[in-house]
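> what's the 3D shape of this:
(2 chains)
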Amino acid sequence: DVKVTQSSRYLVKRTGEKVFLECVQDMDHENMFWYRQDPGLGLRLIYFSYDVKMKEKGDIPEGYSVSREKKERFSLILESASTNQTSMYLCASSFGGSQPQHFGDGTRLSIL
Amino acid sequence: AQSVTQLGSHVSVSEGALVLLRCNYSSSVPPYLFWYVQYPNQGLQLLLKYTSAATLVKGINGFEAEFKKSETSFHLTKPSAHMSDAAEYFCAVRNQAGTALIFGKGTTLSVSS
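Numbers count the residues shown, from 1 in each chain, chains lettered A, B, ... in the order given. Okay, the predicted model is just below:
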């Protein structure tokens, strides 16, 4: 089975902090994705990556950046955390953009 | 542009009743369509996918979906609901570039005994 592991299930940070969310997949997938999930809004794509060191903006990239130095790892960075970034963050991976995505269990991030 | 609309943010059924969750899509290219389920405090799990083969797609846990091009629909059904089906369900369509998926806003399914 594909395993997508997010480093933290719950995280509490303060406004202005730089926050790192880590995601690792074990299936040699080319594509990796970061979403945020908010009630009534579904999943919204923040960034995705289709290869090492390659990245593409999704629908809501403002306030976020990403890093993919190794194929199996995709990091989401909140440069200066704000309270409106309190959310559930989901990482996913797939063999290709049209293929099913495999999700981690999510990180519930609270910014105080 | 690609988009997905899930009709009904909340659906309630009795145990043993038919489950019908509605999804309509808009796509300027032949669509690839997916249904995912999310149980509380978990990530999303793939239920089934349509990739231009058979129009009736069978998935896990007794769910199936029918692709209807004329209606631009991909509704999810299950003949008999079980308490364990209570979860949030998401419909998704491949984006135009074929690089990512676009998700609907989700439908919460409640099952009562």
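> surely residue B:107 is in contact with residue B:89?
Yes. With contacts counted by C-beta atoms under 8 Å, residue B:107 reaches residue B:89, the gap being 5.1 Å. Placement of C-beta: from N, CA and C, glycine included.
> what's residue 49 in contact with, if anything?
No chain was given, so I picked chain A. A:31, A:32, A:33, A:55, A:56, A:66, A:68, A:74 (C-beta atoms under 8 Å, 6 or more residues apart in numbering or on different chains).
> the intended chain is chain B.
By C-beta under 8 Å, 6+ apart, the neighbours of residue B:49 are A:100, B:32, B:33, B:34, B:35, B:57.
> out of those residues, list just those in strands.
Members of the contacts of residue B:49 lying in strands (criterion: DSSP state E): B:33, B:34, B:35, B:57.
> leaving out sequence neighbours, find the closest residue to the third one.
Think residue B:35. residue B:47 (4.3 Å; C-beta to C-beta, 6 or more residues apart in numbering or on different chains).
> how much space between the one you found and residue B:77?
Using C-beta to C-beta, to the nearest Å, we find residue B:47 at a distance of 11 Å from residue B:77.
> what's the helix or strand for the residue most central in space within chain A?
With distances taken as C-alpha atoms, centre = their mean, residue A:34 lies nearest the centre of chain A, 2.9 Å away. Per DSSP states H and E, residue A:34 falls inside strand A:31-38.
> host element of residue A:28?
With DSSP H and E as criterion, residue A:28 is part of no helix or strand.
> show me the contacts for it.
A:71, A:72.
> what distance do you get for it to residue B:65?
Noted for residue A:28: a distance of 29 Å to residue B:65, by C-beta to C-beta.
> can you list the residues of chain B near chain A?
B:9, B:32, B:34, B:36, B:41-46, B:49, B:51, B:90, B:94-95, B:97-106 (C-beta under 8 Å from any C-beta of the partner chain).
> taking these one by one, which sit in strands?
B:34, B:36, B:44, B:45, B:46, B:49, B:90, B:94, B:101, B:102, B:103.
> dump those residues into JSON lines; add distance to residue A:48 as well.
Formatted as JSON lines, these follow (distance: C-beta to C-beta, whole Å):
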{"residue": "B:34", "distance to residue A:48": "16"}
{"residue": "B:36", "distance to residue A:48": "17"}
{"residue": "B:44", "distance to residue A:48": "15"}
{"residue": "B:45", "distance to residue A:48": "20"}
{"residue": "B:46", "distance to residue A:48": "18"}
{"residue": "B:49", "distance to residue A:48": "19"}
{"residue": "B:90", "distance to residue A:48": "17"}
{"residue": "B:94", "distance to residue A:48": "13"}
{"residue": "B:101", "distance to residue A:48": "10"}
{"residue": "B:102", "distance to residue A:48": "12"}
{"residue": "B:103", "distance to residue A:48": "13"}
